[in-house]
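Participant: Pasting the sequence and the predicted coordinates here, then a few questions.
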Amino acid sequence: MDFVERFTSARGTLLDIGCGTGDFMVCAQTYGWKVKGVEMVDRAAQIARDANGLDVITGSIDEIGNLPEKYSLVTLWDVLEHLPSPRRAFQITHTLLEDNGILVFSIPNLRSFDRYLFADSWIGWDVPRHFYLFNERNINHLCEISGFKIIKHRTFIGGKGTFLLSLIQRFPARKQSIIDAEPIFSPLLWPYRQISYLLNRGPISTYVLKKVAGTIDSKLCSNLG
């Protein structure tokens, strides 16, 4: 949340799309944000409501385009790659944001060291759950046709967990041994993770976008799913 707040002028309303059981929403609440969530998986949404007392809608991003509220911040953590139409997701997000509102999202990083190290076993591929993976050119185009401006791009999260998942993907028969050995090899990987973050080659890319004035070009939008 500290990273996100560097790009917001004040604590306001936050919509977390694909919120899961609401962990990020709980964190944002402690910082003083007024939060709302959207989650497709009913069981996860119910946990967010019952266990964490959160305001969460069960449904997809396509079902929330007509929400009457406007939000100062929308987040899509590890969501965009799972959607059949990222262009549609950005269009809906644009309508939900206040003028100059902020969109923050994370996606697998195609330029990550892990991708080259693990090749076909890299967890970022995650077929068939991932519909799309994006390079910087894709994201720039998506922002251009959807009414957003990139104000920050960084890799700084996910290095430990994604490395472990990719390792298990490479050696599935040794899954339990890998899990048991994780406390030993994880500290040894610390320099690798930090260097990958520093060079923007970590496994997860985080983008911060600002909504810009103007009308979205629907003709241009048809060029991207």
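Facilitator: Right, received. Where do you want to start? In this text the structure is predicted, and so the values were computed from the model without any measurement. Numbering: from 1, shown residues only.
Participant: mind listing what's buried in stretch 4-17?
Facilitator: By 16 or more other CB atoms under 10 Å, the buried positions in stretch 4-17 come out as 4-5, 8, 12-17. Using the backbone N, CA and C atoms, a C-beta is placed for each residue, glycine as well.
Participant: among those residues, which are in helices?
Facilitator: 4-5 (DSSP state H).
Participant: Can you pick out the most distant pair from the buried residues of stretch 4-17?
Facilitator: Across those, the longest distance by CB to CB is 18.7 Å; it joins Glu5 and Ile17.
Participant: got the buried residues for the longest helix anywhere in the chain?
Facilitator: With secondary structure taken from DSSP H, the chain has its longest helix at helix 175-188. Neighbour-count burial for helix 175-188 flags Ile178 (criterion: 16+ other CB under 10 Å).
Participant: so what secondary structure elements neighbour that helix?
Facilitator: For helix 175-188, the packing partners by 3 or more CB pairs under 8 Å, 6 or more residues apart in numbering; DSSP states H and E come out as helix 159-170.
Participant: about what we covered before: next, the angle helix 159-170 makes with the longest helix of the chain.
Facilitator: Going by axes from the mean of the first three to the mean of the last three CA atoms, to 10 degrees, helix 175-188 is angled at 150 degrees with respect to helix 159-170.
Participant: contact partners of helix 175-188?
Facilitator: The contact list for helix 175-188 (CB atoms under 8 Å, 6 or more residues apart in numbering) reads 160, 164, 167-168, 171.
Participant: which residues are in contact with the very next helix or strand once past that helix?
Facilitator: Next helix or strand after helix 175-188 toward the C-terminus (DSSP states H and E): helix 190-198. By CB under 8 Å, 6+ apart, the surrounding residues in contact with helix 190-198 are 112-114, 154-156, 159-160, 163, 201-203.
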